[in-house]
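Chemist: this one's structure only:
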């Protein structure tokens, strides 16, 4: 059983700056919880419910967020280097200035997510849903966007040099001043 599995999150539940290094939070319900600046490196958050959670500035390096529910979560300025976000739901999440180098976002749902100024070098975004996502000024060099769905996405001034764009769908996407 996970460490915090039975915590009923609400806006007053505060784990900001907590050290949860290598914690097992599998299937934990942490919606609306304040995890701002928390250390969650190597933490297992598989199938965790983090809807509306505040993870801004959190450290999630090598965290397992497979099939995690992160809709509307605040991940701005979070460090998600090498995190596994396979099949994660990040619809409407705020990933502004997030660091996602080597992150695995295969099959992730990032519809309408804000990835403005996000650092996604070498990230795996194969088959990711980025419909209507804001990728303004995002750094996507060497990212794998094979089969990614970018319809209506805003890639203004994004850096996609050396990115793998095989079969990516850019229909109605904005690519003004983007580098390919």
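Modeler: Nice, I can see it. Source: prediction; values computed, not measured. Numbers count the residues shown, from 1 in each chain.
Chemist: pretty sure residue 87 is in contact with residue 64, am I right?
Modeler: No - with contact defined as Cβ atoms under 8 Å, residue 87 does not reach residue 64; the gap is 11.6 Å. In this view, the C-beta of every residue, glycine as well, is placed from N, C-alpha and C.
Chemist: Comparing the two, which shows the higher neighbour count?
Modeler: With neighbours defined as other Cβ atoms under 10 Å, residue 87 and residue 64 compare such that residue 64 has more, 22 against 17.
Chemist: Could you report the pLDDT at that one?
Modeler: pLDDT recorded at residue 64 is 98.
Chemist: how far does stretch 131-138 stretch from start to finish?
Modeler: 15 Å (Cα to Cα, to the nearest Å).
Chemist: Show me how far it is from its chain's centre.
Modeler: On the basis of Cα atoms, centre = their mean, to the nearest Å, stretch 131-138 sits 13 Å off its chain's mean C-alpha point.
Chemist: residues in contact with it?
Modeler: With Cβ atoms under 8 Å, 6 or more residues apart in numbering as the test, stretch 131-138 has contacts from 110-120, 149-159.
Chemist: Check which residues of it are buried.
Modeler: The neighbour-count check on stretch 131-138 (16 or more other Cβ atoms under 10 Å) flags 131, 132, 133, 134, 135, 136, 137, 138 as buried.
Chemist: List just the nearest of these to residue 22.
Modeler: For the buried residues of stretch 131-138, the closest approach to residue 22 (Cβ to Cβ) belongs to residue 138, at 29.9 Å.
Chemist: just to revisit the earlier point, which among the contacts of stretch 131-138 end up buried?
Modeler: Counted by 16+ other Cβ under 10 Å, these give 110-120, 149-150, 152-156, 158-159 as buried.
Chemist: Please tell me how far residue 46 sits from residue 36.
Modeler: Counting by Cβ to Cβ, to the nearest Å, the gap from residue 46 to residue 36 is 22 Å.
Chemist: Okay, now the unreliable bits of this protein?
Modeler: Of all residues in the chain, those with pLDDT under 70 make up the ranges 1-12.
Chemist: where along it do the strands fall?
Modeler: Assigned strands in the chain: none (criterion: DSSP state E).
Chemist: that older thread, of all the buried residues of stretch 131-138, which two lie farthest apart?
Modeler: Counting by Cβ to Cβ, the most remote pair of those is 131 and 137, 19.2 Å apart.
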